[in-house]
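A.B. asks: sequence unknown, structure follows:
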């Protein structure tokens, strides 16, 4: 969901019309917007997450309530993610690099050359 200030006039009008016709959609959109803002801005003020979870459990849609229950179980991890000053971007970059290093040799081998791991496997002995 994009930020409300990044919506075009046509998109904003369409969303407003849909929300006017369906109050449960309006509620879901509001909770989604609040959660996205909390994650994007890394807002971790005391009880912000707890208030969001409590509000959703009281009057959110079934799917959002299910999400809130799961978030309540994983509250410590979510709170740590919102307050952490580091990112895993460097780790993810290295994982991608390693994966690419493993793919390139396979692309360079000819189709008839077996995988190196397969050359280490001995073929079974024929029965006597």
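C.D. replies: Everything's here; your move. Only a predicted model underlies this, so the values are computations on that prediction, with no experimental measurement involved. Numbering: from 1, shown residues only.
A.B. asks: use CA for all of it now, contacts and neighbours both
C.D. replies: OK.
A.B. asks: For the helix or strand hosting residue 72, which residues meet the burial criterion?
C.D. replies: Element membership for residue 72 (DSSP states H and E) is helix 62-73. Buried residues in helix 62-73, counted by 16 or more other CA atoms under 10 Å: 64-65, 68-69, 71-72.
A.B. asks: How many neighbouring residues does residue 31 have?
C.D. replies: Look at residue 31: counted by other CA atoms under 10 Å, it has 19 neighbours.
A.B. asks: same question but for residue 79, I mixed them up
C.D. replies: 19.
A.B. asks: sorry, back to before: looking at the buried residues of helix 62-73, which two lie furthest apart in space?
C.D. replies: Farthest-apart pair in the buried residues of helix 62-73 is 64 and 72; separation 12.0 Å (CA to CA).
A.B. asks: mind checking how far the nearest residue to residue 20 once chain neighbours are set aside is from residue 50?
C.D. replies: When the adjacent residues along the chain are set aside, residue 20 lies closest to residue 26, with 7.3 Å between them (CA to CA, 6 or more residues apart in numbering). To residue 50, residue 26 is 21 Å away according to CA to CA, to the nearest Å.
A.B. asks: now do residue 93
C.D. replies: In terms of CA to CA, residue 93 sits 33 Å off from residue 50.
A.B. asks: Mind checking which of those two has more residues around it?
C.D. replies: Using other CA under 10 Å as the criterion, residue 93 and residue 50 rank with residue 50 on top: 15 against 11.
A.B. asks: Could you pull out the helices in this protein for me?
C.D. replies: For the chain, the helices defined by DSSP state H cover 9-21, 23-40, 48-59, 62-73, 75-83, 89-108, 116-119.
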